[in-house]
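K.L.:
Based on what follows, work out the 3D shape:
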Amino acid sequence: MSTGIPGSDADRFYQAQRAALLGDPSITERKMFGTTALCAGGKVFMFPWRGTLVVTIPAPRVDELIAAGHAERFDPGHGRTSATWAAVFASASDRWPRLAQEARVFAGG
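P.N.:
Numbers count the residues shown, from 1 in each chain. Next comes the predicted model:
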């Protein structure tokens, strides 16, 4: 079962980022939680998930996005969340480009 929603805003954004970034040798892609994820330096930094864009960013930024109502902590379904993973809502898609860049840098790319 794919957790990405084909045609969703998050999936379209991810596909556009994928097309733009995969020419960079430091960027790779791998399967994660039933979808594909972009990696920088071998570390996952972004993937689409159930209509959201999941990014790994510093914990204070995650907290800031949650407080503003733009995201929630990412939970892949086992009830455990991480302080550095945010599922950013489509209603905050104007923030996705900057967050994707922040995530890439945070992951080491």
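K.L.:
roughly how far apart are the residue nearest to residue 91 when sequence neighbours are not counted and residue 25?
P.N.:
Closest residue to residue 91 apart from its sequence neighbours, by CB to CB, 6 or more residues apart in numbering: residue 70 at 7.3 Å. From N, CA and C alone the C-beta is placed, and that goes for glycine too. Going from residue 70 to residue 25 by CB to CB, to the nearest Å gives 32 Å.
K.L.:
which stretches of the chain have low pLDDT?
P.N.:
1-4, 6, 109 (pLDDT under 70).
K.L.:
Mind doing that once more with 80?
P.N.:
1-7, 109 (pLDDT under 80).
K.L.:
which residues sit against stretch 78-93?
P.N.:
For stretch 78-93, the external contacting residues (CB atoms under 8 Å, 6 or more residues apart in numbering) are 8-10, 13, 49-59, 61-62, 65-66, 70-75, 95-96, 99, 106.
K.L.:
Drop anything exposed from those residues.
P.N.:
Buried by 16 or more other CB atoms under 10 Å: 8-10, 13, 49, 52-57, 61-62, 65, 70-71, 73-74, 95-96, 99, 106, out of the contacts of stretch 78-93.
K.L.:
Name the SS class of residue 17, please.
P.N.:
helix (DSSP: H, G, I helix; E, B strand; the rest coil).
K.L.:
Report the contact partners of it.
P.N.:
38, 46, 100.
K.L.:
Repeat that for residue 36.
P.N.:
If you count contacts by CB under 8 Å, 6+ apart, then residue 36 has 4, 14, 18, 29, 30, 47 around it.
K.L.:
Now the second one: closest residue in space, sequence neighbours ignored.
P.N.:
What sits nearest to residue 14 in space, not counting adjacent residues and going by CB to CB, 6+ apart, is residue 48, at 4.4 Å.
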